[in-house]
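Trainee: Have a look at this prediction, sequence included:
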Amino acid sequence: MAKVKTAFFCQECGAQSAKWIGKCPSCGEWNTYVEEVIEKPTPGNSLRASQKLATSRPRLIADIEAREEQRFTSANKELDRVLGGGIVPGALILVGGEPGIGKSTLMLQVALNIPNKKVLYISGEESDLQIKMRAQRLGLTDSNCYILTETNTETIFHHINDVNPDLLVIDSVQTLTTPSIESSAGSISQIRECSSEFQKFSKENGIPVFLIGHITKEGSLAGPKLLEHMVDTVLQFEGDHNHMYRILRSQKNRFGSTSELGIFEMRNDGLREVSNPSEILLTHRDEPMSGITVSATIEGMRPIMIETQALISTAAYGTPQRSSTGFDVRRLNMLLAVLEKRCGFRLSIKDVFLNITGGLRVDDPAIDLGVICAILSSSEDVAVSDKACFAAEVGLTGEIRPVNRIEQRIAEAQKLGFEEIFISRYSLKGIDVKSLGIKIHSVAKVEEVFSILFG
Ligand code: TYD
Ligand code: MG
């Protein structure tokens, strides 16, 4: 009897080893190696490989006919945007996110809504009935979508041949099993093998495949990094369970930019696309409140007005707390140090809480000035006008630095009815201030902003 061959795999990065090791030499994680059964290489396999070799041949790049990528729309504007303008045939797309965030809802909605395409939705997580109930809840039961509840890839490919779909959705990659490998569903070698089967399928047939993947507790996609290398696009669906907003961002995209963002609202009847995020991200204030400012940021190609809230209070315990949601806490510490050193505000004995509303995470440095002003507004207990907004980076010396695409930011602020905007003096080049319907405060130092705002 042939000996069963096993190997040890790092559950974190997918590295393989013949024996167990405590610390992964590849990713440095401890205790991540697990023994898994792997396929025994048989002569038949290598024969098939050499036959396959004979059918492919090297071609001059000049001889390869360039076809215009025939992207098709998913009928979901936010998803199309994040994908870089629609679905590319033959693309393998991984959709990751925490359990319960709405991955199945999003993909089922797309599967049911897509026009003139036959979709096969394969679920290893829910029964036909559950999917039907969800479809009813979404109000979309009349469509060209087939449901298959199956996890064995051999059976799945058999059904794919029958149905001949234009688009495939697999929920989720962790439930798949291939009979060529003995280890259990969700193990590294199963995920790797099943994904590569679908990779091959999508490339050979030009059919796009969406793979849904769960996120590990550390927040990395589907555990193994190896999946991220294998697929063309990695989409991350994220958001706060307590918030109704969900954000779809792309971490890797062979067919488009990774800076695009899709915003959805989770409602009783499914996910609604949010095409004008600024309007919902700004809370409507009846009276001016201290500690709140609005910044004009850019996410991907889109300008978005984002609200920042700060709360400064006297530290109750010896060590003051610095807590921030949606904004890098190190950057917050840096801005606090600038305020302390350059402007003489004694914030080191205060607790500082910072929150970007709507559950968004912002990396755009243009939010710096808004953050600083929110902190000072709370600290001085003086409200900043809700008709004022900010778009500038703050440097270590307290200088106000210019940010990119300032015209777009100003235009968005103007569109949403803001009456004044604070920008860097060095951003002014090429802007015709007089022709704008919004008052521009061009400033060079943090101190100037304070004297304008708080006198
Ligand atoms: P689901 O798509 O099952 O999450 P995932 O596949 O990422 O694990 O989403 C489940 C959550 O979405 C659940 O908490 C209920 C909520 N939900 C709505 O609010 N409205 C809806 O119409 C649907 C279908 C789900
Ligand atoms: Mg699900």
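Mentor: That came in fine, so what should we check first? Ligands and ions are numbered 1, 2, ... in the order given.

Trainee: Tell me the spacing between Phe264 and Glu238.
Mentor: Distance, Phe264 to Glu238, by Cβ to Cβ, to the nearest Å: 11 Å. Quick note: C-beta positions are derived from backbone N, CA and C, even for glycine.

Trainee: wait, I meant Asn205
Mentor: When distances are taken as Cβ to Cβ, Asn205 and Glu238 turn out to be 31 Å apart.

Trainee: which one of those two has more residues nearby?
Mentor: Taking other Cβ atoms under 10 Å, Asn205 and Glu238 do not tie; Glu238 has more neighbours (19 against 15).

Trainee: residues touching that one, list them.
Mentor: By Cβ atoms under 8 Å, 6 or more residues apart in numbering, the contact set of Glu238 is 97-98, 101, 246-249.

Trainee: rerun that using 7 Å as the cut-off
Mentor: Taking Cβ atoms under 7 Å, 6 or more residues apart in numbering as the criterion, Glu238 is in contact with 97, 101, 247.

Trainee: phi, psi of the first one?
Mentor: When you say that, I think you mean Gly97. Main-chain dihedrals, Gly97, degrees, to the nearest 10: phi 170, psi 160.

Trainee: which residues does the spatially closest residue to it that is not a sequence neighbour contact?
Mentor: The spatially closest residue to Gly97, leaving aside those adjacent along the chain, is Phe237, at 3.6 Å (Cβ to Cβ, 6 or more residues apart in numbering). The contact partners of Phe237, by Cβ under 7 Å, 6+ apart, come to 95-97, 101-103, 106, 246, 248.

Trainee: Could you dump these into a markdown table with neighbour count, secondary structure and pLDDT added?
Mentor: Conversion of the contacts of Phe237 to a markdown table gives the following (neighbours: other Cβ atoms under 10 Å; DSSP: H, G, I helix; E, B strand; the rest coil; pLDDT from 0 to 100):
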| residue | neighbour count | secondary structure | pLDDT |
| --- | --- | --- | --- |
| Val95 | 27 | strand | 93 |
| Gly96 | 26 | strand | 89 |
| Gly97 | 23 | strand | 86 |
| Ile101 | 21 | coil | 89 |
| Gly102 | 21 | coil | 92 |
| Lys103 | 24 | helix | 93 |
| Leu106 | 27 | helix | 95 |
| Arg246 | 24 | strand | 88 |
| Leu248 | 26 | strand | 91 |
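
Trainee: Closest one to ligand 1 out of these, please.
Mentor: Distances from those to ligand 1 were compared by Cβ to the nearest ligand atom; the smallest belongs to Lys103, at 3.4 Å.

Trainee: For Ser250, which three-state class applies?
Mentor: Classification of Ser250 into helix, strand or coil gives strand, according to DSSP: H, G, I helix; E, B strand; the rest coil.

Trainee: tell me, how many neighbours does it end up with?
Mentor: 23.

Trainee: tell me the contacts of it?
Mentor: Contact criterion Cβ under 7 Å, 6+ apart gives 82, 233-235, 258, 260 as the residues in contact with Ser250.

Trainee: filter these to the buried ones?
Mentor: Among the contacts of Ser250, the ones that count as buried by 16 or more other Cβ atoms under 10 Å are 82, 233-235, 260.

Trainee: and ligand 1, which of the residues you listed reach it?
Mentor: When Cβ under 6 Å from any ligand atom is taken as the criterion, no member of those contacts ligand 1.

Trainee: Looking at those residues, spot the one nearest ligand 1.
Mentor: Compare each of the buried ones among the contacts of Ser250 with ligand 1 using Cβ to the nearest ligand atom and the shortest gap goes to Leu235, at 12.2 Å.

Trainee: got the contacts of Ser250 as JSON lines, with distance to Met133, secondary structure and pLDDT columns?
Mentor: Compiled in JSON lines, these are given as follows (distance: Cβ to Cβ, whole Å; DSSP: H, G, I helix; E, B strand; the rest coil; pLDDT from 0 to 100):
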{"residue": "Val82", "distance to Met133": "28", "secondary structure": "helix", "pLDDT": "92"}
{"residue": "Thr233", "distance to Met133": "30", "secondary structure": "strand", "pLDDT": "94"}
{"residue": "Val234", "distance to Met133": "30", "secondary structure": "strand", "pLDDT": "91"}
{"residue": "Leu235", "distance to Met133": "25", "secondary structure": "strand", "pLDDT": "92"}
{"residue": "Thr258", "distance to Met133": "35", "secondary structure": "coil", "pLDDT": "81"}
{"residue": "Glu260", "distance to Met133": "32", "secondary structure": "coil", "pLDDT": "81"}
